[in-house]
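Colleague: requesting a structural model of the entry that follows:
(one chain, ligands or ions: 2)
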Amino acid sequence: MSQSTIKIAPSILSADFSILGQEVRAIDEAGADYIHIDVMDGHFVPNLTFGAPVVKSLRRHSQKIFDVHLMISPVDPLIQDFVDAGADIITAHVEAGPHLHRTLQNIKSKGVKAGVSLNPHTPVSAISHVMDMVDLVLVMTVNPGFGGQSFIPLLDKITDIRKMINEQGRPIDLQVDGGVNVQTAQQVIQAGADVLVAGTAIFKEGPEQYAKNIAALRG
Ligand code: DX5
Ligand code: ZN
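Modeller: Ligands and ions are numbered 1, 2, ... in the order given. The predicted model follows:
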């Protein structure tokens, strides 16, 4: 994977929530490719963040791709709200419910891109029968719910999914989320990832450092 094709998706989970619009503008101007938006429900994951109204209010602050990572269960009743809020990509978890295929159909039927995410313990085989439907695969390299956790080195898993994507013969993002920093970024890029999500590594030192931190992750 050449470095120039690597996309960086700052996770606003690590931003200052009291000035979220300003933070989104800052990462946009600092060179973010996607704005990664972590939606948590206190049920599927042990933390709460925000819902579609917040996403809608952020939409006017950036024209970049809004990459909405739904850590909620059930997913389907809220898909329309996130589409209306301006999501460009909606990613649902394999583990969020029994009808992943239906959820992906629902997302795609709204005219936005559909992503599927796997928790660290979930085998690659869980997505083999939906590969023809997805625009993005998100490999979690921490247990979802919190920023600032240590990277779980699931490099074989990333490589296996890279092979599955290449077999599809059409563009599908391979996104890695959790514990991505300058060191682990190189490992996941080597393994085949092309979209890196990072919260702590980008937001850690305040807005003056965002551009430097984003550039550093590209290698
Ligand atoms: C975790 C979220 C991540 C998180 C990553 O559940 O999905 O997007 O913000 O944070 P860092 O980069 O700090 O591990
Ligand atoms: Zn995320």
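Colleague: do a quick rundown of the helices in this protein.
Modeller: Under the criterion DSSP state H, helices of the chain are mapped to 20-29, 52-59, 79-85, 100-109, 155-168, 182-191, 200-203, 210-218.
Colleague: what does this structure put close to ligand 1?
Modeller: 11, 13-14, 36, 38, 69, 142, 144-145, 147-149, 177-180, 197-201 (CB under 6 Å from any ligand atom). (Glycine included, C-beta is placed from N, CA and C.)
Colleague: and those residues, which are buried?
Modeller: Those of those that meet the buried threshold are 11, 13-14, 36, 38, 69, 142, 144-145, 147, 177-180, 197-201, by 16 or more other CB atoms under 10 Å.
Colleague: tell me the most buried of the helices of the chain?
Modeller: The highest average neighbour count among the helices of the chain, using mean count of other CB atoms under 10 Å, belongs to helix 200-203 at a mean of 24.
Colleague: that one and ligand 2 in contact?
Modeller: No - against ligand 2, helix 200-203 shows no contacts by CB under 5 Å from the ion, the least distance being 12.1 Å.
Colleague: alpha carbons of that helix, as CSV, please.
Modeller: Output of helix 200-203 as CSV, limited to C-alpha atoms (Å, rounded to 0.1, in the frame of the first residue of the first chain):
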residue,chain,number,x,y,z
THR,A,200,-5.6,10.1,20.9
ALA,A,201,-2.7,10.2,18.5
ILE,A,202,-4.2,13.2,16.6
PHE,A,203,-5.9,15.2,19.4
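Colleague: show me what it is packed up against.
Modeller: Helix 200-203 is packed against strand 7-10, helix 210-218, with contacts defined by 3 or more CB pairs under 8 Å, 6 or more residues apart in numbering; DSSP states H and E.
Colleague: dump the C-alpha coordinates for the last one into CSV.
Modeller: Going back to what we said before, that points to helix 210-218. Provided in CSV are the C-alpha atoms of helix 210-218 (Å, rounded to 0.1, in the frame of the first residue of the first chain):
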residue,chain,number,x,y,z
TYR,A,210,-3.2,18.4,14.4
ALA,A,211,-1.6,18.8,10.9
LYS,A,212,1.7,17.4,12.2
ASN,A,213,0.0,14.5,13.9
ILE,A,214,-2.1,13.6,10.8
ALA,A,215,0.9,13.8,8.5
ALA,A,216,3.0,11.6,10.9
LEU,A,217,0.4,8.8,10.7
ARG,A,218,0.8,8.7,6.9
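Colleague: so what does it touch, helix or strand wise?
Modeller: For helix 210-218, the packing partners by 3+ CB pairs under 8 Å, 6+ apart come out as strand 7-10, helix 20-29, helix 182-191, strand 195-198, helix 200-203.
Colleague: with mean pLDDT added, can I get those in a markdown table?
Modeller: A markdown table is the format used below for these (pLDDT from 0 to 100):
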| stretch | mean pLDDT |
| --- | --- |
| strand 7-10 | 98 |
| helix 20-29 | 98 |
| helix 182-191 | 98 |
| strand 195-198 | 98 |
| helix 200-203 | 98 |
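Colleague: for Val75, find the nearest of these.
Modeller: strand 195-198 (18.9 Å; CB to CB).
Colleague: residue in this structure nearest to ligand 2?
Modeller: Closest contact between the chain and ligand 2, by CB to the ion, is at His69 (3.8 Å).
Colleague: who does that residue form a beta bridge with?
Modeller: Assessed by DSSP bridges, His69 has beta-bridge partners Asp38, Thr91.
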